[in-house]
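>>> Can you look at this prediction? I've put the sequence above it.
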Amino acid sequence: MTSIFTGFLFIFLDFTLNLGQVRLELIPDFIGYIIMLNGLRGMSGESRAFIKARPFAVFMAFYTGIVWLFDLLGSAVSYGPLSFILGIVSIIISFYISGKIVAGVMEMEQHYYADFNGKSLNTAFIVLVITGILSYLLLLVPALAVICLLVSFVAAICFLVAFNRSKNSYNNLVVP
């Protein structure tokens, strides 16, 4: 679970330098997905949900790696509306992966008859999805988009905190 958490950190926390047309993401998402894949592989015996998330995480590792390279070369700026559509597809797949991981945590709670913070994690996930969707929908209204992006950032932090609690509860119970 630690690798999944570390992957989430890389994916949800973005620090970017914009240098003209060149955009340098300091914590690349593709590295987060690669780390997450290692965690999903290790947790695959605990829940089928982790297995179902893996092919999507592989896709996202390649996709975000290509986007990172295009951003670095400054060529991503020229895609216009296609960037918006690809961004929506990317966030949907990212939410799917996160949802499967949350489902896996909740399945493990039933299997071990233990509390791995699944309910709070699921609530944080729902808030994350809602704010993420609203952030994209409100891009047409810049003032509202900024507010929603800030709320979305807080929701991502809350999700990370909830997942960290889940990870720690699991590690304290299961990992020797």
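That came through, no problem. Numbers count the residues shown, from 1 in each chain.
>>> count of residues packed around L121?
Counted with other CB atoms under 10 Å, the neighbours of L121 add up to 25. C-beta: built from backbone N, CA, C; applies to glycine.
>>> Then F56?
Counted with other CB under 10 Å, the burial measure for F56 works out to 16 neighbours.
>>> next one: P28
For P28, the tally of surrounding residues (other CB under 10 Å) stands at 20.
>>> Could I get the phi/psi values of it?
Backbone geometry at P28, expressed as degrees, to the nearest 10, gives phi -60, psi 140.
>>> quick one, what contacts it?
Taking CB atoms under 8 Å, 6 or more residues apart in numbering as the criterion, P28 is in contact with 10, 64-65, 68.
>>> between the residues you listed, which is nearest A103?
F10 (21.4 Å; CB to CB).
>>> correct me, but the closest one touches I27?
Yes: at 5.2 Å, F10 and I27 qualify as touching, with contact defined as CB atoms under 8 Å.
>>> who has more neighbours, these two?
When neighbours are counted by other CB under 10 Å, F10 and I27 differ, and F10 comes out ahead with 20 against 14.
>>> Surely the more buried one is in a strand?
No: the assignment for F10 is helix, going by DSSP: H, G, I helix; E, B strand; the rest coil, so no strand is present there.
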